[in-house]
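Q: my questions concern the predicted model and sequence given below.
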Amino acid sequence: AFRPQIIKQYASGKLENMVVTMRRSVQFTLLSYSLIAIPFVIETPRIIYLWLGQIPPYSVPFLRIVIAISGISIINTTSNAAIHATGNIKWISFFSGTLFLMCPVLTYLIFRFLDGPVVSGYLVNSAVITIVAISSFFIIKRQIPGFRIAPYTMPIIKSLAVIAVSAFIVWYLSRF
């Protein structure tokens, strides 16, 4: 929902407003997502049992990693909206495309030579998404004059800290 606003603000030259919209978008989306994600991560076995009647092997770690990947993708989606607003998507497309094409290769190498766990493919994918999300900040900085990484990322870090503390509190209370 925020993507058209980000593109419109970039096109009209309101870069400060665009950064504020991006920041609010990430914060709002992350915090809203955490309202659903935290209970699902903590109660994954119970939810799968209620849904399927039995818990298939590896379904709990798979679901938890997919939920984490979706949270990381929220950050990446907002950053990509700003990059796409510039019209210069060559670097992010090349970089992210190359890394995502490396996921199956890296997963195969982990399985073949390191005898990695079953969830290795998901862990590789989450690492790649994290790298792409972080690199998108630097690509935005390169393409948008006046964009500063620290003022944009600090609210994201604060939101992630609030989510982590909230998750810990919910986890701790759920044990009793």
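A: Looks like it came in fine.
Q: make it CA atoms for all contacts and neighbour counts henceforth
A: Fine.
Q: who touches stretch 68-82?
A: Defining contact as C-alpha atoms under 8 Å, 6 or more residues apart in numbering, one finds that stretch 68-82 is touched by 3, 6-7, 10, 22, 25-26, 29-30, 33, 125-126, 129-130, 132-133, 136-137, 140.
Q: so for that stretch, what gets flagged as buried?
A: For stretch 68-82, the neighbour count (16 or more other C-alpha atoms under 10 Å) marks 69-82 as buried.
Q: closest to Pro151 among these?
A: Here the nearest of the buried residues of stretch 68-82 to Pro151, counting by C-alpha to C-alpha, is Ser79; it sits at 13.8 Å.
Q: name the SS class of the closest one, please.
A: Following DSSP: H, G, I helix; E, B strand; the rest coil, we place Ser79 in the helix state.
Q: need the pLDDT of it.
A: Listed pLDDT for Ser79 reads 86.
Q: gap between it and Arg3?
A: 10 Å (C-alpha to C-alpha, to the nearest Å).
Q: what's the answer for Pro155, then?
A: Distance from Pro155 to Arg3, by C-alpha to C-alpha: 19 Å.
Q: of the two, who's got more company?
A: The neighbour comparison of Pro155 against Arg3 (other C-alpha atoms under 10 Å) goes to Arg3, with 18 against 15.
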